[in-house]
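Participant: coordinates only, sequence not included:
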Ligand SMILES: Cc1cc2nc3c(=O)[nH]c(=O)nc-3n(C[C@H](O)[C@H](O)[C@H](O)COP(=O)(O)OP(=O)(O)OC[C@H]3O[C@@H](n4cnc5c(N)ncnc54)[C@H](O)[C@@H]3O)c2cc1C
């Protein structure tokens, strides 16, 4: 039986950040990954936001990380079948390092980040799926692998095994039934396109990138669409609430293909070559679905701890995962210095998360998942916005209605005044 100072389950952003932090401090760390390499099983939209804690551990992070483009243009679109209305934020004032977000590819990025942990001294064991936690006197003291039933022991186990976290469940930190209303199912198409075509089509130069969040056109299913520019490809995907999707006959694949055929999207994809589809779950219940974050001998990080913020305008997960990984790593270092791996000592992990943006932001946006359960957002509001723009710009020889009266009529017809007031109040409280 092999004994380590700490075992990290999952070599995603949370796990590799934890392993890197501990290995740099000289701990003997095992980083376990079920994929044949870190990142093999992982996908996201996606935009990598600033990783403040990781920047302290790897000060030259942004110079050496494998990045695609930095985002300078952000667009929010309301879309119906056949029309769309967009608000565009071209932030040239912030078009210099440190940039606010970069597109990346998870297989490349996750492999690279895990490699940083290995270079610092961590032992990476790929193709190693954990299927049980080991207990002694009520405390977690290691894990068992599916392969050969091999057992690894350590006084600290860090669960970084993603949204379904088998480890947190087995350790008794995640109870209750799987709630499909708290999960987003995501599907993404990767479309190959030459760099100059992307630059011309989206108005970009050098390594500049654009992101577009789209509301509407999801067949009435609660969810949204994203379109991001990579260096020489586009990522087009949907994040759909699983509970809402289950009530329809749609499959995510059909909804995405329908969208790709809409003229507004089709012209952006024209000439591109579909390279692959991928899919994954995302924990969108936020604070409401959080498990216990620690116990004797164990801490839970990243998506395994539901540390993800979905507001409809932004999806933040990797920055929270990396921050929680670094904090868990630092807590493990202190626990080793004090030779105390009890719940009492590991409670510092939660305290530090509470002092950081991670739990502050999750608490701040705790009502957002409820707000996003409002079906009107996904159909009636895009129809309202596009309907109003159609009337405002239509010049057809007929006398015009006063704009304020036209807006009031559209609101009454499409949403209802009472509903609109309730939605504005709900949105105000949640965001
Ligand atoms: C479509 C989509 C779009 C997204 N867009 C964004 C975005 O734009 N920006 C953003 O910041 N976030 C985004 N996210 C969220 C982000 O991807 C996650 O929050 C982040 O990946 C969480 O990191 P993690 O390390 O906690 O978990 P993961 O990245 O899920 O990593 C978990 C790792 O554990 C491994 N594993 C699982 N079970 C076991 C086991 N039993 N044994 C061994 N290994 C195991 C997995 O193979 C994986 O490598 C998006 C997510 C999706 C699905």
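Facilitator: Received it, and whenever you're ready, just let me know what you need. Keep in mind it's a predicted model, so treat the numbers as computed, not measured. Numbering: from 1, shown residues only.
Participant: Hmm, residue 272 is touching residue 194, no?
Facilitator: No: the criterion here is Cβ atoms under 8 Å, and residue 272 misses it with residue 194 at 9.3 Å. Every C-beta, even on glycine, is put in place using the N, C-alpha and C of the backbone.
Participant: after the worst-scoring helix or strand of the chain on mean pLDDT comes which helix or strand?
Facilitator: The weakest-scoring helix or strand in the chain, judged by mean pLDDT, DSSP states H and E, is strand 2-3 (a mean of 75). Next in sequence after strand 2-3, counting helices and strands by DSSP states H and E, comes strand 6-9.
Participant: How about that following strand and the ligand, touching?
Facilitator: Yes: Strand 6-9 is in contact with the ligand by Cβ under 6 Å from any ligand atom, via residue 9.
Participant: State the mean pLDDT of that strand.
Facilitator: Averaged over strand 6-9, pLDDT sits at 98.
Participant: And it, what does it pack against?
Facilitator: Contacts defined by 3 or more Cβ pairs under 8 Å, 6 or more residues apart in numbering; DSSP states H and E place strand 6-9 against helix 13-24, strand 29-32, strand 139-145, strand 156-159.
Participant: For that strand, which outside residues touch it?
Facilitator: If you take Cβ atoms under 8 Å, 6 or more residues apart in numbering as the criterion, strand 6-9 is touched by 15-16, 18-19, 22, 27-32, 122, 130, 142-143, 152-161, 167, 332.
Participant: Quickly run through the sheet partners of it, with directions.
Facilitator: strand 29-32 (parallel), strand 156-159 (parallel) (DSSP bridges).
Participant: Compare those strands and give me the one nearest the ligand.
Facilitator: Set against the ligand and scored by Cβ to the nearest ligand atom, the strands paired with strand 6-9 come closest in strand 29-32, at 5.0 Å.
Participant: Next, the residues that contact the closest one from outside, please.
Facilitator: 2, 4-11, 15-16, 19, 22-23, 114, 117-118, 121-125, 128, 130, 143, 145, 152, 154.
Participant: ok, now with 6 Å
Facilitator: By Cβ atoms under 6 Å, 6 or more residues apart in numbering, the residues outside strand 29-32 that reach it are 4, 6-9, 11, 19, 22-23, 117, 122-125, 128, 130, 152.
Participant: Nearest spatial neighbour of the residue nearest to the spatial centre of the chain, chain-adjacent residues omitted?
Facilitator: In the chain, the residue lying closest to the centroid (Cα atoms, centre = their mean) is residue 317, at 3.8 Å. Nearest residue to residue 317 in three dimensions, chain neighbours excluded: residue 308, at 4.2 Å (Cβ to Cβ, 6 or more residues apart in numbering).
Participant: I'd like to know how far that neighbour sits from the ligand.
Facilitator: 5 Å (Cβ to the nearest ligand atom, to the nearest Å).
Participant: how near is that residue to residue 210?
Facilitator: 23 Å (Cβ to Cβ, to the nearest Å).
Participant: do the same with residue 192
Facilitator: 17 Å.
Participant: repeat for residue 417
Facilitator: Relative to residue 210, and taking Cβ to Cβ, residue 417 is found at 36 Å.
Participant: which of those two has more neighbours?
Facilitator: residue 210 (23 against 10; other Cβ atoms under 10 Å).
Participant: Walk me through the domains of the protein.
Facilitator: Per the record, the chain has its domains at 2-66+104-175+291-355, 180-283, 370-430, by automatic domain parsing.
Participant: Within range of the ligand, give me the residues from the stretch 151-300 of the chain.
Facilitator: So the stretch 151-300 of the chain meets the ligand at 160, 161, 162, 166, 186, 188, 237, 239, 280, 282 (Cβ under 6 Å from any ligand atom).
Participant: Redo these as a markdown table? Include neighbour count.
Facilitator: Output for these, formatted as a markdown table (neighbours: other Cβ atoms under 10 Å):
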| residue | neighbour count |
| --- | --- |
| 160 | 33 |
| 161 | 28 |
| 162 | 24 |
| 166 | 20 |
| 186 | 23 |
| 188 | 22 |
| 237 | 26 |
| 239 | 25 |
| 280 | 19 |
| 282 | 21 |
